[in-house]
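[1] Sharing a model prediction with you, sequence too.
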Amino acid sequence: MKTLILELIQYVAIILVILALFTLDWLLFTMLDIIGRHSFVEYSFVESHHLEIDVGGTSMLANLIRRAVSAFNTTMDVKIESNNLHCLPVPHKMTKQSIILTVVPVIGMISFCFLQVYSYRLRRVIAGLCFPKREKKRVLFLYNEHLRKRISYAETQRKKILIQARNKQLWQLRGVAGVVHRLLPCVGRFVRKRCVVCSEGPTDTSYYCPNVGCGAMYCHLCWSDIRKFCFHCLPFEEFVSEGSDVENSPNYGQ
C-alpha cells in the first residue's frame, strides 16, 4: 500500500499538469477565437478621375490643337476593397481524439497501480499451490505472530495509560483539537470524543465511563483489553502505589 500511495502521488502531479495544459489550451483557443470574430475590419476605397481639355475657337489652328489634345481626355473610376482577414488568427480546438489519447494512458497507469497490489498477492497464492506444506507453516507463524503482537499491544497500551495517568495527561486533546481546546475551553464540549487508548471514533459499542466528571470513552476491544478499568476516574496514586504492579492493585478490574 505504501508503494501504491507513492505512485498515486506521482500520478496526481501528472494529472495536475495535464489539467493545467488542457485549461491553458482552452483559454488560448477562447482568446484567439474572440479576437478572430471581433477584430475583422474591411476597407472600401472609391475614387473617380475625370480629365477633359476644352479648346475653344473655330479656326484651323484651334481645330488642330483640339484634335491633338483630345487624346488626353480621360475618365477613370477606382474602387478598391480590402480587409485584414489574412492577419487574423484561426485557432483550432483540441480534438476529442487528442483528449482521449492523452487521458486513456493516464487512466491505464492508475489502473495498473491498483492491479499491481493484487498481482503481488498472487505470488502468495502461487507459492501456496506449489508448496502447500510451506504455506501451512507460514499461516501458523503469522497467526502466532498476530496473537503475540496483540498481547504485547495490550500490555504496551496499559503501560502507556498508566504513564499518562501519572502525568495527568490521559484525557488531554492532541493536535488541532488540543490547540482549540486550550485557546477556547468553552468549545471543548463540542469536540468529538475518541477512545482514550487507540483514538478511534465513537461507535455503537463504545463504552462511556458513567462516573461523574469523567466521561472517558473506550472502544469495545480496548475496554476489554484494559480489563474494564477506567484509568481516568481516579488519580494515579489512588489505584497504584509507588513501586507496585497495576494488575495486583485491589481496584484494578472493578
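    Received, thanks. Residues are numbered from 1 along each chain as shown.

[2] Using the record's assignment, carve the protein into domains.
    Following automatic domain parsing, the chain resolves into domains at 2-96, 146-248.

[3] gap between the two ends of stretch 119-139?
    Taking CA to CA, to the nearest Å, stretch 119-139 runs 20 Å from one end to the other.

[4] mean confidence score for that stretch?
    The average pLDDT for stretch 119-139 rounds to 86.

[5] Is Leu88 in contact with Asp33, as I believe?
    No. With contact defined as CB atoms under 8 Å, Leu88 does not count as touching Asp33 (10.4 Å). In short, each C-beta sits where N, CA and C put it, glycine included.

[6] sorry, back to before: return the most buried member of the domains of the chain.
    domain 146-248 (a mean of 14; mean count of other CB atoms under 10 Å).

[7] what's the longest helix in the chain?
    Longest helix in the chain, counting residues (DSSP state H): helix 2-38.

[8] ok, residues contacting the following helix or strand past that helix?
    Counting by DSSP states H and E, the next helix or strand C-terminal to helix 2-38 is strand 42-51. The contact list for strand 42-51 (CB atoms under 8 Å, 6 or more residues apart in numbering) reads 72-83.

[9] and strand 42-51, which strands flank it?
    As defined by DSSP bridges, the strand partners of strand 42-51 come to strand 74-83 (antiparallel).

[10] For the next helix or strand after the strand it pairs with, which helices and strands make contact with it?
    Going down the chain from strand 74-83, the next helix or strand is helix 96-130, by DSSP H and E. Contacts defined by 3 or more CB pairs under 8 Å, 6 or more residues apart in numbering; DSSP states H and E place helix 96-130 against helix 2-38, helix 132-166.

[11] 7 Å instead?
    helix 2-38 (3 or more CB pairs under 7 Å, 6 or more residues apart in numbering; DSSP states H and E).

[12] Which other helices and strands does the helix it packs on contact?
    So helix 2-38, by 3+ CB pairs under 7 Å, 6+ apart, packs with helix 96-130.

[13] Give the buried residues for the helix it packs on.
    110, 113 (16 or more other CB atoms under 10 Å).

[14] same check, this time on stretch 134-143
    In stretch 134-143, counting by 16+ other CB under 10 Å, buried: nothing.

[15] ok now that stretch, how far from the chain's centre?
    How far stretch 134-143 lies from its chain's middle: 40 Å, per CA atoms, centre = their mean, to the nearest Å.

[16] How about stretch 78-88?
    51 Å.

[17] Give me the residues contacting it.
    36, 39-47 (CB atoms under 7 Å, 6 or more residues apart in numbering).

[18] Could you dump these into TSV with distance to Lys2 and pLDDT added?
    Listed next are the contacts of stretch 78-88 as TSV, based on distance: CB to CB, whole Å; pLDDT from 0 to 100:
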residue	distance to Lys2	pLDDT
Gly36	51	86
Ser39	55	86
Phe40	59	85
Val41	62	87
Glu42	66	86
Tyr43	68	82
Ser44	72	85
Phe45	75	82
Val46	79	84
Glu47	81	84
